[in-house]
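**Student:** generate coordinates for the sequence data below:
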Amino acid sequence: MATVLGGGWIASGPARASRQPAPWLPHGLRLVPAEGAGEVQTPLAGPVADQLRVGDRVWFRHAKAGELCEHVEALHLVAEDRIVGTERTYRGERKAFV
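**Tutor:** Down below sits the predicted model:
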């Protein structure tokens, strides 16, 4: 078991598992059913959880891009294990859509 700070942003719409961001890297982590992502402390389980140390990063894949784009200025485009591009979000372009 490992606990991470935050854990991403929940997608808008009805609360259900499909709206949760999913742990992506390192591989082998999963959300704990009794707790969701996005809390102050997001618990994760899996075979690699005990290998994480304070300060290690856990990357999440978000269910919908909109919530992510509201909070960050740019998205990094990843292919396999490398960044192949960076695109500004509407927040990064100083725009807002309500």
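**Student:** what's the mean pLDDT across stretch 2-14?
**Tutor:** Mean pLDDT, computed over stretch 2-14, is 85.
**Student:** likewise for stretch 30-39?
**Tutor:** Here the average pLDDT along stretch 30-39 is 84.
**Student:** per-residue confidence at residue 70?
**Tutor:** For residue 70, the predicted pLDDT is 82.
**Student:** go through the helix or strand where it lies and flag the buried ones.
**Tutor:** Residue 70 is located in helix 65-71, with elements delineated by DSSP states H and E. Under the neighbour-count criterion of 16 or more other CB atoms under 10 Å, helix 65-71 has 67-69 buried. Where you see a C-beta, it was placed from the backbone N, CA and C, and this is true even at glycine.
**Student:** off-centre distance for stretch 57-67?
**Tutor:** 3 Å (CA atoms, centre = their mean, to the nearest Å).
**Student:** likewise for stretch 57-70?
**Tutor:** 5 Å.
**Student:** and the end-to-end length of that stretch?
**Tutor:** This stretch, stretch 57-70, spans 21 Å end to end (CA to CA, to the nearest Å).
**Student:** same question, stretch 81-94
**Tutor:** 30 Å.
**Student:** same question, stretch 37-53
**Tutor:** Terminal-residue distance, stretch 37-53 (CA to CA): 19 Å.
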